[in-house]
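J.: Output the structure for:
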Amino acid sequence: MNFIVAILVIVAVGYLIVKKYYAQGVLLLGGAILLLAAVVFNGTPILAKGGTGSLYLDVFAQLKANFIKTTGSLGIAIMIVSAFAKYMDHIGASKALVKVAIKPLQKLNSPYIVLALSYVVGQILNVFIPSASGLGVLLMVTVYPIVVSLGVSPLAATAVIGTSACLDLGPASGNAVLASKTAEMDAALYFVDYQIPVAIVTVIVITVIHYFVNKAMDKKMDLVEKAKEMGTEGKVPGFYAFLPIIPLIIILMFSPLTGSSIKVDVVEAMFMSIGLSMLIEGIRRKAFKSTLAELKIVFTAMGSQFANVITLIVAGEFFALGLTKIGVISALIDSTKSAGLGPQPMILVMTAIIAISSILMGSGNAPFFAFAALAPAVAASVDLNPIVMLMPMQLAAGIARSISPITAVIVAVAGISGVSPFDVVKRTAAPMIGGLLAVLITNMILFG
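T.: Numbering: from 1, shown residues only. Next comes the predicted model:
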């Protein structure tokens with residue numbers, strides 16, 4: 001009965017979203033139905049502790065908990081990065097960056113080559129900035145205005161940036177660390193010996209598909225509007241082009257890349273950069289009173305992101321929790337245990353389950369954390385090295401996450417560019433499917 005209810009709710013949610021019902025409302029309603037169904041059919045408490053005292057009213061306590069968690073961590077990062085981008089636009093720094101960067105890039109005479117290569121740059125940076133959402137919003141400040149000014153559509157630029165961390169590479173990735181620990185392997189060894197060989201092929205495949213898909217889809221759009229002029233009317237000093245990339249420099253400077261003992265995250269880097277930019281702007285204009293008042297621009301942009309982006313992330317997580325509580329994930333695990341397949345078919349099944357769960361839940365971490373512990377036993381049952389099963393599962397989680405319109409990074413970058421996350425995933429689907437096939441085939445050839 002649980003599975004039937006879950007399928008009906010998933011189909012209904014998908015149908016209503018396609019029909020352009022308000023996505024946040026649909027996801028919250030779907031999540032509430034699933035959570036209540038879990039209580040009715042299974043007696044499963046929604047909250048482990050700290051609830052209202054009523055299993056049914058705990059739906060609202062869970063929603064409160066989701067808002068607190070998301071707003072206090074990921075949410076503040078998304079809001080402050082968007083606010084920083086808005087302020088850079090206001091003072092003309094974004095326009096200055098575009099002017100500096102666009103001249104050499106124009107010489108390539110191919111905006112879509114630049115667009116595709118920006119994915120490669122993002123994937124490399126992901127090794128040092130393991131947060132998909134954090135990296136995505138940083139690239140929206142720096143890379144997005146450049147590629148849009150070259151002539152690609154906002155949708156194309158958003159889609160490529162939204163997938164920049166799709167592989168979760170490196171020892172700093174939580175999923176990668178879990179995979180290596182589960183296989184009882186050193187995280188650095190896992191990265192060098194297993195992830196890198198597969199990632200090289202996969203990155204090339206994704207880059208090529210991004211180029212052709214976005215170029216073709218932009219042609220179909222028959223773009224008539226040119227890239228929007230950004231920034232203020234007045235001229236600003238040339239060094240203002242440096243301001244939008246300050247956060248990236250700060251984060252890389254205080255990262256494992258440099259061996260620094262100081263750790264600075266995205267939010268802290270943004271606050272530092274906004275403060276420094278406002279100080280420079282106040283000195284340049286000799287108007288500290290009006291410059292200080294421009295903090296309202298920052299706070300207003302943060303509020304807008306909360307209304308449009310954070311609420312969608314909360315709604316997506318709420319819906320994903322409902323799927324977990326009603327038992328869909330555990331049912332998939334049980335069916336996998338009893339499948340009795342050979343090594344390669346079992347890898348395909350486990351990877352497919354991870355991918356489907358990641359799309360439905362809008363998360364790469366949740367399904368991988370749920371299934372990773374199962375992998376060694378399943379691998380042993382088919383006489384397979386656990387890491388050969390774990391790696392495609394781990395990489396599939398991040399890849400499939402990038403096809404979900406409710407995943408945090410897609411919602412975040414779409415919110416900054418003002419496009420629909422559902423339109424964005426139409427652009428990410430083909431590159432990610434190609435990337436997943438590349439992972440499976442390369443893994444099979446090299447380690448199978």
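J.: gap between Met272 and Ile91?
T.: Distance, Met272 to Ile91, by Cβ to Cβ, to the nearest Å: 16 Å. (Each C-beta comes from the backbone N, C-alpha and C, glycine too.)
J.: Those two: which has the busier surroundings?
T.: Counted by other Cβ atoms under 10 Å, Met272 and Ile91 do not tie: Ile91 has more neighbours, with 24 against 14.
J.: so which strand or helix has the nearest residue to that one once chain neighbours are set aside?
T.: If the residues on either side of it in the chain are set aside, Ile91 comes closest to Glu281, at 5.3 Å by Cβ to Cβ, 6 or more residues apart in numbering. Here Glu281 is covered by helix 266-285, with elements defined by DSSP states H and E.
J.: Same check on Val201?
T.: helix 196-221.
J.: Run the angle between whichever helix or strand comes after that helix and helix 266-285 for me.
T.: With elements assigned by DSSP H and E, the helix or strand that comes after helix 196-221 is helix 246-253. Helix 246-253 and helix 266-285 are oriented at 130 degrees to each other (axes from the mean of the first three to the mean of the last three Cα atoms, to 10 degrees).
J.: what's the average pLDDT for helix 246-253?
T.: The pLDDT scores in helix 246-253 average 83.
J.: what do you get for stretch 140-157?
T.: Rounded mean pLDDT across stretch 140-157 is 91.
J.: chain center to it, what's the gap?
T.: 17 Å (Cα atoms, centre = their mean, to the nearest Å).
J.: Run through the residues that contact Lys325.
T.: Contacts for Lys325 (Cβ atoms under 8 Å, 6 or more residues apart in numbering) come out as 34-35, 38, 42, 44, 46.
J.: who does the host helix or strand of Lys64 touch, helix- and strand-wise?
T.: Under the criterion of DSSP H and E, Lys64 resides in helix 58-70. Applying 3 or more Cβ pairs under 8 Å, 6 or more residues apart in numbering; DSSP states H and E, one finds that helix 58-70 contacts helix 23-42, helix 311-325.
J.: who's in contact with Val264?
T.: 250-251, 253-254, 272.
J.: Turn the buried ones among those into a named ChimeraX selection, would you?
T.: Buried subset of these, written as a ChimeraX selection, criterion 16 or more other Cβ atoms under 10 Å:
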select :250,251,254
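J.: For the contacts of Val264, please prepare JSON lines with the additional fields distance to Val298.
T.: Below are the contacts of Val264 laid out as JSON lines (distance: Cβ to Cβ, whole Å):
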{"residue": "Ile250", "distance to Val298": "18"}
{"residue": "Ile251", "distance to Val298": "19"}
{"residue": "Met253", "distance to Val298": "23"}
{"residue": "Phe254", "distance to Val298": "23"}
{"residue": "Met272", "distance to Val298": "13"}
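J.: quick one on the thing from earlier: could you report the separation of the residue nearest to Ile91 from Ala269?
T.: Glu281 sits 18 Å away from Ala269, going by Cβ to Cβ.
J.: And those two? Which one has more around it.
T.: Ala269 (25 against 22).
J.: Output the below-cut-off pLDDT ranges for the stretch 301-448 of the chain.
T.: Under the criterion pLDDT under 70, the flagged ranges of the stretch 301-448 of the chain are 329-330, 332-341, 370.
J.: quick check: angle from the helix holding Lys64 to helix 311-325?
T.: 130 degrees.
J.: Next secondary structure after helix 58-70?
T.: helix 76-91.
J.: Any idea how far the helix or strand following that following helix is from the middle of the chain?
T.: Using DSSP H and E, the helix or strand that follows helix 76-91 in sequence is helix 93-106. Distance, stretch centre to chain centre, for helix 93-106: 26 Å (Cα atoms, centre = their mean).
J.: Let me know the angle separating helix 93-106 from helix 266-285.
T.: Calculated by the same axes, to 10 degrees, helix 93-106 forms an angle of 100 degrees with helix 266-285.
J.: Give me the distance between the residue nearest to Ile91 and Ile274.
T.: Distance of Glu281 to Ile274, given as Cβ to Cβ: 10 Å.
J.: Tell me the gap between the helix holding Val201 and the middle of its chain.
T.: That offset, for helix 196-221, works out to 17 Å (Cα atoms, centre = their mean).
J.: Tell me the buried residues in that helix?
T.: 198-199, 201-203, 205-207, 209-211, 213-215, 217-218.
J.: Out of the residues you listed, flag the one nearest to Leu437.
T.: Each of the buried residues of helix 196-221 was scored against Leu437 by Cβ to Cβ, and Val205 proved nearest at 7.8 Å.
J.: Tell me who's in contact with the closest one.
T.: Here Val205 is in contact with 434-435, 437-438 (Cβ under 8 Å, 6+ apart).
J.: Show me which of those residues are buried.
T.: 434-435, 438.
J.: In contact with the nearest residue to Ala315 once chain neighbours are set aside, which residues?
T.: Closest residue to Ala315 apart from its sequence neighbours, by Cβ to Cβ, 6+ apart: Leu27 at 3.8 Å. Leu27 makes contact with 13, 312, 315-316, 318-319, 406 under the criterion Cβ under 8 Å, 6+ apart.
J.: returning to what we had before: which one of the buried residues of helix 196-221 sits closest to Val148?
T.: Ranked by distance to Val148 (Cβ to Cβ), the buried residues of helix 196-221 are led by Asp218 at 11.3 Å.
J.: you'd agree the closest one is up against Ala157?
T.: No - with contacts defined as Cβ atoms under 8 Å, Asp218 does not count as touching Ala157, sitting 10.2 Å away.
J.: What distance do you get for Met278 to Phe271?
T.: Per Cβ to Cβ, Met278 is found 11 Å from Phe271.
J.: who's more crowded, the two?
T.: Legend: neighbour count by other Cβ under 10 Å for Met278 and Phe271, higher for Met278 (18 against 15).
J.: Neighbours of the closest residue to Lys215 other than its chain neighbours, how many?
T.: Of all residues not flanking Lys215 in the chain, Tyr112 sits nearest, at 4.5 Å (Cβ to Cβ, 6+ apart). Using other Cβ under 10 Å, Tyr112 has 22 other residues around it.
J.: just checking, Tyr112 touches Ala216?
T.: No - the criterion here is Cβ under 8 Å, and Tyr112 misses it with Ala216 at 9.7 Å.
J.: Could you pull up the contacting residues of Gly134?
T.: Counted by Cβ under 8 Å, 6+ apart, Gly134 has contacts 77, 81, 265-266.
J.: Perfect, that will be all.
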